[in-house]
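Chemist: Quick one, fold the following:
(2 chains)
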Amino acid sequence: MRATTLVLKYLSRRKGRSVLSSIGLILAIGVIVATFTVARAMEIQIGDEIDKVGANIVVTPRTELIGVPYGNVVLGSTTIPESSIEKVYTIPNRGNLRALSPKLYGNIQYRNSTLLIVGIVPEKETQLKRWWNLAGSWPQNDTSQVVSGSTLASSLRLTVGSAVTIRNEVFTVVGILGETGSVDDYSLFLPLHTAQRLLNLFGKISVIDVGAICKDCPVELISQQIMDAVPNVKATPIRQAVEARVKAVEQMANFSLLLASIILVVGCAGIMNTMLGSVHERMREIGTLMSLGADNIHLWKMFVFQAVILGLVGGVIGILVGLVSAIVAGPLVIRATVSLAELVNINPYYLSIFPISIAASVLSCLVASVYPTWRASKIDPVLALRAV
Amino acid sequence: MIVTNEATKIYEIGGNAVFALNRVNLRIEGNDFVAIMGPSGSGKSTLLYTVGGLLTPTKGDVTVDGISIYDLSPNRRARFRRENVGFAFQTFELIPYLTALENVMIPMYLSGVSSQEQEERARQALNRVGLEGRALHRPTELSGGEQQRVAIARAIVNDCKILLADEPTGNLDRKTGEEIMELLCQLNGEEGLTVVLVTHDPAKATHANRVLQMIDGRIVEDRTIH
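Modeler: You can find the predicted model right below:
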């Protein structure tokens, strides 16, 4: 016989009642786990969207002269050395850099008009622009293969296999880019080194598109680090709707945690009520134990252990409820499947929610048991036994 | 030896002071068997629990083997009860969700005895009260007499010196009540326990060596009969 045996035997006789009394606690832990799980799943989803959106920093020469407008950023007419790419990789937050795509822009006279040519490293560029649809293939590096933007292709009547002669050099169209609604539709893409040769700008590039994954650090910080590491460049962060969504998720998670805290307090009150009920119900038993020589330490041990057991069981059931809710309700909230395996795989810290939940649950029960146990220790054994 | 010195217990009821014990001076020698009789409300049980260290007197003191038990801290007094006193109640007060064996193990758990020794000694105590075959039964599966035997086994398992029995036969039929009285006599005679018995029944009191008669919180008669 030990304190644990006494408590376990008592609780095993009152299984249903104990679980019912822990409903508030179970709900609170469930909300915490479900919120945390859904929020992490949303972060992964947003991370995927960042991948689709592409670059969020554009590195250009510092001297900004009137030049080619490209999206929100005005590009200077001067260039930066191609070696700047390696320097970007020396910044403190280099771990957040997902892809760097160097590009060289140039205008070339073609028949009666000006042609915008873009030298790219196809495998880098496509890493950032996953939404690009290409009919045909990408040009091989250092070849005379080109890809045409959709509007340009239709105005010049280019198809895959067409030949384009620029500065007396014959280029073969190997791919036509699907419509993007951007300046890309008017551009002719060719391998970077080919473009450098054509524009006579060996070892030069106009811009580096940087895709940085940074949920926890501001993109402005990475931009600053790039400017510190690479001389004579300007790194411009591009604000994206995705950042607003990250904030929205954070706000939702914070609100849910607030809600869970309130439920937790209510749950504590429930546990306290049950423990008080238990003290009242076991009045004669406590009186008997005192007559047999139980002191305050014995009573505290018993009730604290009871609180720990209720906390552990409530915590485990709460976690299961939370996980099931996240998996079932997650798709309705974020329109994406919540995969626990993926969550653990991408963010191993996710697992910390389980010990934290159990600790919160046990701690709540301990706090809730203080007053009832104090009451139990103050019981007059003779009155409890109704002996006189 | 138990000595009460001017032990007084006053309850405030409806603004009036009611003397449950009124300056009781009593001396009970070791190995004595004392029966306390008297009408309801005469202070029999109050005296029993005061002697057992469970009910603090309003005035006066109680010493057991020279120790003034109400000068001890509550936790020290709990320890004193564990080591020296066993209680048997009219309603047995067994813990319903434990078996007979587990009920008898409780005082030893409170004293910090190892689980293995607890079981060994609890089985021996159940043998002493003639319940060897009922160790694994819950209280609801036992008769009244058997439940009282379990309660007595629980009271004596820690080798206490004093057994305080509050109407232990009050809920039992005559024959079973007699068996319990014989058990108390045996514990007093053969094992040397000091037994203090509260009873309404003069027939049960005849088993004692000494009978105290109480009225209104006072001992009005003190007879040695054996």
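Chemist: Just the pLDDT at the residue of chain B found nearest chain A, thanks.
Modeler: Nearest residue of chain B to chain A, counting by Cβ to the nearest Cβ: residue B:82, 2.8 Å away. The C-beta positions use only the backbone N, C-alpha and C, and glycine is treated the same way. We have a pLDDT of 94 for residue B:82.
Chemist: What residues does the nearest residue to it once chain neighbours are set aside make contact with?
Modeler: Spatial nearest neighbour of residue B:82, excluding adjacent residues (Cβ to Cβ, 6 or more residues apart in numbering or on different chains): residue A:293 at 2.8 Å. Residues in contact with residue A:293 (Cβ atoms under 8 Å, 6 or more residues apart in numbering or on different chains) are B:78-83, B:85, B:107, B:110-111, B:158.
Chemist: Let me know the secondary structure of residue A:293.
Modeler: State at residue A:293, reduced to three classes by DSSP: H, G, I helix; E, B strand; the rest coil: coil.
Chemist: where does it land on pLDDT?
Modeler: Reported pLDDT for residue A:293: 94.
Chemist: Now do the helix or strand residue A:261 falls within: which elements does it pack against?
Modeler: Per DSSP states H and E, residue A:261 falls inside helix A:241-281. Packed against helix A:241-281 by the contact rule (3 or more Cβ pairs under 8 Å, 6 or more residues apart in numbering or on different chains; DSSP states H and E) you find helix A:15-21, helix A:23-53, helix A:296-334, helix A:353-377.
Chemist: quick one: which of those is nearest residue A:206?
Modeler: helix A:23-53 (21.3 Å; Cβ to Cβ).
Chemist: What is the distance between the closest one and the centre of its chain?
Modeler: 9 Å (Cα atoms, centre = their mean, to the nearest Å).
Chemist: got the buried residues for that helix?
Modeler: For helix A:23-53, a neighbour-count test (16 or more other Cβ atoms under 10 Å in any protein chain shown) marks A:23-47, A:50-51, A:53 as buried.
Chemist: Quick one: residues in contact with stretch A:157-171.
Modeler: Residues from elsewhere that reach stretch A:157-171, judged by Cβ under 8 Å, 6+ apart: A:108, A:110, A:115, A:117, A:135-136, A:144-146, A:148, A:152-153, A:156, A:172-176, A:188, A:190, A:198.
Chemist: re the thing from before, scan the contacts of residue A:293 and report the most crowded one.
Modeler: residue B:107 (30 neighbours; other Cβ atoms under 10 Å in any protein chain shown).
Chemist: who touches that one in this structure?
Modeler: By Cβ under 8 Å, 6+ apart, the contact list for residue B:107 reads A:292-293, B:82, B:86, B:154-155, B:157-158.
Chemist: Among those residues, which one lies nearest to residue B:27?
Modeler: residue B:86 (20.6 Å).
Chemist: Provide the secondary structure category for the closest one.
Modeler: Applying three-state DSSP: residue B:86 is strand.
Chemist: And for it, nearest residue in space, chain neighbours not counted?
Modeler: Using Cβ to Cβ, 6+ apart, the closest residue to residue B:86 is residue B:155 (2.8 Å).
Chemist: Give me the neighbour count for that neighbour.
Modeler: Counted with other Cβ under 10 Å, the neighbours of residue B:155 add up to 27.
Chemist: can you check residue A:313 too?
Modeler: Counted with other Cβ under 10 Å, residue A:313 comes out at 19.
Chemist: One more: residue A:17?
Modeler: Residue A:17: 14 neighbours (other Cβ under 10 Å).
Chemist: Ok, residue A:145 next?
Modeler: Per other Cβ under 10 Å, the neighbour tally for residue A:145 reads 21.
Chemist: and the residue nearest to residue B:82, how far is that from residue B:54?
Modeler: 10 Å (Cβ to Cβ, to the nearest Å).
Chemist: what touches both of the two?
Modeler: By the contact definition Cβ under 8 Å, 6+ apart, residue A:293 and residue B:54 are jointly contacted by residue B:81.
Chemist: element containing residue B:19?
Modeler: With DSSP H and E as the test, residue B:19 turns up in strand B:16-28.
Chemist: Show me the contact partners of that strand.
Modeler: Under Cβ under 8 Å, 6+ apart, the answer for strand B:16-28 is A:388, B:1-12, B:34, B:43, B:46-47, B:50-51, B:57, B:59-60, B:194, B:196, B:212, B:216-219.
Chemist: Which residues are in contact with residue B:193?
Modeler: B:31, B:156, B:160-163, B:187.
Chemist: and if we set it to 6 Å?
Modeler: B:163, B:187 (Cβ atoms under 6 Å, 6 or more residues apart in numbering or on different chains).
Chemist: Grab the most central residue of chain B for me.
Modeler: Central residue of chain B (Cα atoms, centre = their mean): residue B:164, 1.6 Å from the mean position.
Chemist: picking that back up, output whichever strand or helix holds the residue of chain B closest to chain A as PDB, restricted to C-alpha atoms.
Modeler: Assigned by DSSP H and E, residue B:82 belongs to helix B:74-84. Provided in PDB are the C-alpha atoms of helix B:74-84 (Å, rounded to 0.1, in the frame of the first residue of the first chain):
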ATOM      1  CA  PRO B  74      -0.600  18.000  15.100                       C
ATOM      2  CA  ASN B  75       1.800  16.000  13.000                       C
ATOM      3  CA  ARG B  76       3.600  14.600  16.100                       C
ATOM      4  CA  ARG B  77       0.200  13.700  17.600                       C
ATOM      5  CA  ALA B  78      -0.700  11.900  14.300                       C
ATOM      6  CA  ARG B  79       2.500  10.000  14.700                       C
ATOM      7  CA  PHE B  80       1.700   9.200  18.400                       C
ATOM      8  CA  ARG B  81      -1.700   7.800  17.200                       C
ATOM      9  CA  ARG B  82       0.000   5.700  14.500                       C
ATOM     10  CA  GLU B  83       2.400   4.200  17.000                       C
ATOM     11  CA  ASN B  84       0.200   3.800  20.100                       C
END
